[in-house]
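Peer 1: Provided below are the primary sequence and the corresponding predicted coordinates.
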Amino acid sequence: MLGRWIVSGTPRWLSGEDYTLSTARSVVIATVTGVLWTASAAFLVGAVRRSRRAGELTLYSGVILSYGLCFWMSPIANYATIGALYTHYGPHIPSWGPFIPGWHAPDAAHQVEALYMLGAFPAMVIWILPQDWLTRRITDRRPHWGTLRVFPLTLAIGIVVDATYQMFLILCGMYAYTELPGPTLFAGHWYQLPLIVTPLFPLFGSTPVVLMLHYARRHATTVHLYRGSERLPAGRQTLLRLTAALGFSSACYLCWYVTTTALSFATGGTMAPDTPAHLWPHG
């Protein structure tokens, strides 16, 4: 798919759209972009160093590395309708969505992939870190708690973390949602946050990781995703674990994006009337 996109001559830097952006907003977007890219680079380097110290590929390291390889799924969020808008300020390129089989979103020629987002995929681990830390703090004091208590606790923490991060990034102008079903914070404005999206990444992405870490610590065993690999030689073990992590992360992102697509399709992907031009310059 990416090969056909490259051969087609579509990849190119885009700039110069007809819109104005305040200095304050420009600084905010540029700063957040720099922070996300720096965090991703730090997490990737840390993942390699942590695994080398441990003598094996840890779950955190596998997740960070595999998240970085899931960038190609980004256009699936707008598979049939426009579910998410990304800032056109800063480096961006035409979307490869039209090269995904069955992709038929409107205004395909105007959709872009913001490089801040593509480079920030490894930094998605920041959704997991506070969720894991809080879950561990609570369950360490309640070792008798079983799955029926730990799962809803972990998911609830993940939803709060997700809502906090997303609201911050939306208000910074990094992206925006179109109209989605259900209750919405600031409904009808470009900075709206449909509450139905806040459980999606926690449910599909972060909570399974936190639960695997929780039960591995509690039972002093290998995390579920890596079970059986500990008997393999180092090289084959690392390859198998990275493959498992990539398969897991790909499934998580696919479920997340497909669900978002289905939700936006249900409401037609209607943009807020006050959507700023840097999120959708072509109107």
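Peer 2: Okay, I see it.
Peer 1: alpha carbons only for contacts and neighbour counts from here, please
Peer 2: Will do.
Peer 1: and for the closest residue to Ala84 other than its chain neighbours, the neighbour number?
Peer 2: Using C-alpha to C-alpha, 6 or more residues apart in numbering and skipping residues adjacent in sequence, the residue nearest Ala84 is Tyr177, 4.6 Å away. Residues within reach of Tyr177, counting by other C-alpha atoms under 10 Å, total 25.
Peer 1: residues touching Tyr177, list them.
Peer 2: Gly83, Ala84, Leu85, Trp190, Tyr191, Gln192, Leu193, Pro194, Met271 (C-alpha atoms under 8 Å, 6 or more residues apart in numbering).
Peer 1: need the pLDDT of Thr207.
Peer 2: The per-residue pLDDT reported for Thr207 equals 97.
Peer 1: cool, Ala84 as well?
Peer 2: On pLDDT, Ala84 comes in at 90.
Peer 1: was I right about it contacting Pro75?
Peer 2: No. Counting by C-alpha atoms under 8 Å, Pro75 is not a contact partner of Ala84; they are 9.3 Å apart.
Peer 1: low-confidence regions, the chain specifically.
Peer 2: 5-18, 281-283 (pLDDT under 70).
Peer 1: mind redoing it with 50?
Peer 2: For the chain, the stretches flagged by pLDDT under 50 are 283.
Peer 1: roughly how far is the longest helix along it from the heart of the chain?
Peer 2: Counting by DSSP state H, the longest helix found in the chain is helix 234-267. Helix 234-267 sits 10 Å away from the centroid of its parent chain (C-alpha atoms, centre = their mean, to the nearest Å).
Peer 1: repeat for stretch 266-281
Peer 2: In terms of C-alpha atoms, centre = their mean, the centre of stretch 266-281 is found 21 Å from the chain centre.
Peer 1: restrict that stretch to CA atoms and write it as PDB.
Peer 2: Taking C-alpha atoms only, stretch 266-281 is exported to PDB below (Å, rounded to 0.1, in the frame of the first residue of the first chain):
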ATOM      1  CA  ALA A 266     -23.200   6.900  11.900                       C
ATOM      2  CA  THR A 267     -23.400  10.700  12.100                       C
ATOM      3  CA  GLY A 268     -22.000  11.500   8.700                       C
ATOM      4  CA  GLY A 269     -18.800  13.200   9.800                       C
ATOM      5  CA  THR A 270     -20.200  16.700  10.200                       C
ATOM      6  CA  MET A 271     -17.600  19.300  11.000                       C
ATOM      7  CA  ALA A 272     -18.300  22.000  13.600                       C
ATOM      8  CA  PRO A 273     -19.200  25.300  12.000                       C
ATOM      9  CA  ASP A 274     -16.400  27.200  13.700                       C
ATOM     10  CA  THR A 275     -13.700  24.700  12.600                       C
ATOM     11  CA  PRO A 276     -10.500  26.800  12.100                       C
ATOM     12  CA  ALA A 277      -8.900  27.000   8.700                       C
ATOM     13  CA  HIS A 278      -5.600  25.400   9.900                       C
ATOM     14  CA  LEU A 279      -7.600  22.200  10.600                       C
ATOM     15  CA  TRP A 280      -9.500  22.200   7.300                       C
ATOM     16  CA  PRO A 281      -8.000  24.900   5.000                       C
END
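Peer 1: what's in contact with it?
Peer 2: Identification of contacts with stretch 266-281 by C-alpha under 8 Å, 6+ apart yields 17-21, 81-83, 85-89, 173, 175-181, 188-190, 283.
Peer 1: pull out the buried positions in stretch 91-98.
Peer 2: If you call a residue buried by 16 or more other C-alpha atoms under 10 Å, then stretch 91-98 has these buried ones: His92, Ile93, Pro94, Ser95, Trp96, Gly97, Pro98.
Peer 1: okay if I get these as JSON lines plus secondary structure?
Peer 2: Below are the buried residues of stretch 91-98 laid out as JSON lines (DSSP: H, G, I helix; E, B strand; the rest coil):
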{"residue": "His92", "secondary structure": "strand"}
{"residue": "Ile93", "secondary structure": "strand"}
{"residue": "Pro94", "secondary structure": "strand"}
{"residue": "Ser95", "secondary structure": "coil"}
{"residue": "Trp96", "secondary structure": "coil"}
{"residue": "Gly97", "secondary structure": "helix"}
{"residue": "Pro98", "secondary structure": "helix"}
